[in-house]
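# just need the structure, nothing else, for what follows:
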Amino acid sequence: MISHFIITSAIHTSYGKCSTEERIEQTKETIKSIKTYAPGSSMVIIDCGEKSVNENLFDCELIDYTKNEEIQYHLGNYLNKNIDLEPHIIIKSMLEIMMFSDYLKNITSPYERIFKISGRYRLNSQFDYSKHKKSNNKILILPSTLSQHFYNSSVGVSMFQYATRLWSFDGILLPKIIKSYQKIKDEIIHASTKIYQCDVEHLLYKHLNKELINTITPIGLEGYWAPLKFWIEE
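The predicted structure follows:
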């Protein structure tokens, strides 16, 4: 069995801080880093921007979620309400959560390890591939941190959050991760219909089974943090 990297992406979007050209180059660097630090792994880009991406841009499979009917239905309902002072927060999380949840349900290959990585970031020399592969029956993720945002939310968003730029789980845990993501999806959709706010970082902390969690630091990731465009290494 091999490892599999799911690269979440929104190449064309008006809710980001980076240009389309920057996002393309960043995603190419993501792919290059996986080939360097996790050789032999399979990869897929799942993209849910505002228009389709030319699949020939990247040296790996690309799945286009921009026309997904379920996603567009909930996005349209949210945009029509126009109730959020910071629409990029919930839109970015909702789109990522919905496409990631859908993709997980369609995995049929028996992967040894499944990684989620954001396409704006890349692995670096601190990435310890062997620790991920040896984390049998476990999720491997950075330690939780106190919330950066204290939301007024009836859906019980926690005071803690996980960094979701890079994390992985044993392939045997796929059914459990699918169930967790169904709960996360239901909650973000509910929040999008109200005046509440939440995001994927808080919901992941809330719904992942803590008994399955192993933490690692550093996790071996670097890139420009989009909101303020400063360089991070974690």
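
# from now on I want contacts and neighbour counts done on CA atoms only, so please keep to that.
Fine.

# phi, psi for residue 199 please.
phi -150, psi 170 (degrees, to the nearest 10).

# check which helix or strand covers the residue lying closest to it once chain neighbours are set aside.
Leaving aside its sequence neighbours, residue 199 sits nearest to residue 93 (CA to CA, 6 or more residues apart in numbering; 5.4 Å). Under the criterion of DSSP states H and E, residue 93 resides in helix 87-105.

# repeat for residue 130
Going by DSSP H and E, residue 130 is in helix 129-133.

# ok, the next helix or strand after that helix: who's next to it in the sheet?
Next in sequence after helix 129-133, counting helices and strands by DSSP H and E, comes strand 139-141. Paired strands of strand 139-141, with direction, are strand 166-170 (antiparallel), strand 213-215 (parallel) (DSSP bridges).

# go through the last one and flag the buried ones.
Translated: strand 213-215. For strand 213-215, the neighbour count (16 or more other CA atoms under 10 Å) marks 213-214 as buried.

# repeat that for stretch 104-121.
Across stretch 104-121, burial judged by 16+ other CA under 10 Å covers 104, 111-121.

# can you tell me which of those are in helices?
Among these, the members falling in helices (DSSP state H) are residue 104.

# compile the buried residues of stretch 104-121 into TSV and extend it with columns for distance to residue 3.
Formatted as TSV, these follow (distance: CA to CA, whole Å):
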residue	distance to residue 3
104	14
111	6
112	5
113	5
114	6
115	8
116	11
117	13
118	16
119	17
120	20
121	18
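
# now do the helices in this protein.
Using DSSP H, helices in the chain cover 20-37, 69-81, 87-105, 129-133, 174-192, 200-207.

# how about the nearest residue to residue 96 once chain neighbours are set aside, what does it touch?
The shortest distance from residue 96 to any residue other than its chain neighbours is 6.9 Å, reached at residue 8 (CA to CA, 6+ apart). By CA atoms under 8 Å, 6 or more residues apart in numbering, the contact list for residue 8 reads 45-47, 96, 100, 116-119.
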